[in-house]
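A.B. asks: Next come a sequence and a model predicted from it.
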Amino acid sequence: MAPYTGLGHALERAGHRVTLVTHARFAPLAEDAGIGFHPLPVDPRAELDSARGRALRRSANDVEQRVRAFALARQSAGRMADGLLAAAQEADVLLVSSSLQLLGHTLAEGLGLPAMGVYLQPLHATREFAPSVMSTRSWGPVGNRIAARAVNVAIDAVFSGTARTLRARLGLPPSSTRAARRTRERQRWPVRHGFSPLVVPRPRDWRPELTVDGYWWQHDPPGAGLPPHVRDFLAAGPPPVFVGLGSIPVPDPAQLGVTAVRALRAAGLRGVIQRGWSGLEADGDDMLTVDELPHAALFPQTAAVVHHAGAGTTAAALRAGVPAVPLPLQLDTGFWAGRLTALGVAPRAVPLRRISADALTDALLRVTTDPAYRERARALGTRIRAEDGTAPVVTAVDRLAGA
C-alpha cells in the first residue's frame, strides 16, 4: 500500500484531489502523504488472525496457500462493495489496483468514469515470464501465457459475486467475468505499472497501453527520520542487517526470531529486527527490535536487508542500493525474490517455509562478504533513483481528467 502514497502525493502536487480507498489500518500512511482517505470495513490484520487466517499461515505448500488466500479474500470481498461505491461516486477518475480490476472496471462502467489500472505487479499474460503470483520459473512461452490467463480468471472469481451486486445496483445488465475481461481488453484498458523497467523490463508482447513506468516511492512527511535510539544503535557499531517481514504473518514468530538472531550472530552481524505483523522480537546489545520506520532513512545505513520480498520492501531495498536476502512465502514474493537473484543483488532465496539458521547464515555470509553483491546493488540503486515513475501516471491522469 505504501507506494500508492507516493503516487497520490505526486498527483496532489499536480493539482488533483486524491483519495486513497483501502482498509482503515492504512489511514496514517495517507495522512502522512497529505492525501484524502476513505476506509473500507475489512481489517486484513484481523482476517489473518481469524480461524481462516491461521489456517492460511499453516499451509503446507504453495498450492494450498494460494487456495486458502483466494478463499479468504472472496469471503471478505462482499463487505467492501458499499465503501467502494461510495468512494467512486465522489470521484472524477478511478485508479484501480491489480486485485480490484474487475470491481474498478464495473464501477467505471456504471458511473461513466474514466479509469485505468495502477498495478504493483505484472499480471497480464506474456510469453516472457510466468505469472508474478505463481512462480519464479518460466514454463515456456505458451505455458506462461496460459498460466497468466488462469491467474486472472482466479482473481476475477474472488470478486465475481461483489461485481454482480454492483452491476445490479448501478443498473447494468448482467455480465460474466469472462465477458468483463474481454471488454477490458477490447477497450484497451490502460494499466501503468509502478516498478522499474531495470528490474522487470516491459514484455515485448504486451499491447501499447500496458506500460512500465518506474517505482512509486512511499511519501514520508517532511523531517521524517530515525528516532534517537535507532540512530544511537547505528552509531555504536558496524552497519547492521535489517530483518523484517512487513505484513506477512508466520505461524511461529518466536521461533523465527530465534532463527534470525542465531544466523546473524553466526555470521558476526548486528541486527535491526522489525516486529511487523508477525511480531518478531530479538534481545541483546547486538540486536535492536523496532516498529515501523521509514525505509528510506534506515536501509542505506544497513549492510543488507533480509525481507519477505514484497513489492514495496523489494523496491525500497533496491532504491537504497543495498543487497538483500529474500525470504519469500506467498503470492508475488517468489517472483520478486527471483528478480533480485537474477539481478545479482541477492543470493539464492531462502524460502520462509523451509528456513533454517544454517541456510540463513550461509546467505548472510555470502551477501555481506562478497563485495560484488553490494557493488551491483549500489550501481542499480543509483539508476533506479534517477527514474521518476510518477510523472507518466500524472500525465495519463491529466488526460483522463480532461476527457
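C.D. replies: Received the coordinates, thanks. Numbers count the residues shown, from 1 in each chain.

A.B. asks: C-alpha only now, for contacts and for neighbours.
C.D. replies: Will do.

A.B. asks: so where's the stretch 301-403 of the chain uncertain?
C.D. replies: Scanning the stretch 301-403 of the chain with the threshold set as pLDDT under 70 gives 403.

A.B. asks: What of the stretch 1-150 of the chain?
C.D. replies: 42-78, 135-136.

A.B. asks: what comes up buried for the longest helix along the chain?
C.D. replies: Across the chain, the helix with the greatest residue count (assigned by DSSP state H) is helix 140-158. Buried residues in helix 140-158, counted by 16 or more other Cα atoms under 10 Å: 143-149, 151-152, 155-158.

A.B. asks: Can I get those residues in JSON lines including distance to Thr302?
C.D. replies: Shown next, in JSON lines, are those (distance: Cα to Cα, whole Å):
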{"residue": "Gly143", "distance to Thr302": "40"}
{"residue": "Asn144", "distance to Thr302": "37"}
{"residue": "Arg145", "distance to Thr302": "39"}
{"residue": "Ile146", "distance to Thr302": "41"}
{"residue": "Ala147", "distance to Thr302": "38"}
{"residue": "Ala148", "distance to Thr302": "36"}
{"residue": "Arg149", "distance to Thr302": "40"}
{"residue": "Val151", "distance to Thr302": "36"}
{"residue": "Asn152", "distance to Thr302": "38"}
{"residue": "Ile155", "distance to Thr302": "37"}
{"residue": "Asp156", "distance to Thr302": "40"}
{"residue": "Ala157", "distance to Thr302": "42"}
{"residue": "Val158", "distance to Thr302": "39"}
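
A.B. asks: circling back to that earlier point, report the backbone C-alpha coordinates of the longest helix of the chain in CSV.
C.D. replies: The C-alpha coordinates for helix 140-158 follow below in CSV (Å, rounded to 0.1, in the frame of the first residue of the first chain):
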residue,chain,number,x,y,z
GLY,A,140,7.8,-21.7,-21.7
PRO,A,141,6.1,-19.1,-24.0
VAL,A,142,2.8,-21.0,-24.2
GLY,A,143,2.7,-22.2,-20.6
ASN,A,144,3.4,-18.7,-19.3
ARG,A,145,0.5,-17.2,-21.2
ILE,A,146,-1.9,-20.0,-20.2
ALA,A,147,-0.9,-19.7,-16.6
ALA,A,148,-1.3,-15.9,-16.6
ARG,A,149,-4.8,-16.2,-18.0
ALA,A,150,-5.7,-18.8,-15.3
VAL,A,151,-4.4,-16.4,-12.6
ASN,A,152,-6.6,-13.6,-13.9
VAL,A,153,-9.6,-15.9,-14.0
ALA,A,154,-9.0,-16.8,-10.4
ILE,A,155,-8.6,-13.2,-9.3
ASP,A,156,-11.8,-12.2,-11.0
ALA,A,157,-13.6,-15.2,-9.4
VAL,A,158,-12.7,-13.8,-6.0
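
A.B. asks: That one packs against which elements?
C.D. replies: Judged by 3 or more Cα pairs under 8 Å, 6 or more residues apart in numbering; DSSP states H and E, the packing partners of helix 140-158 are helix 62-77, helix 177-186.
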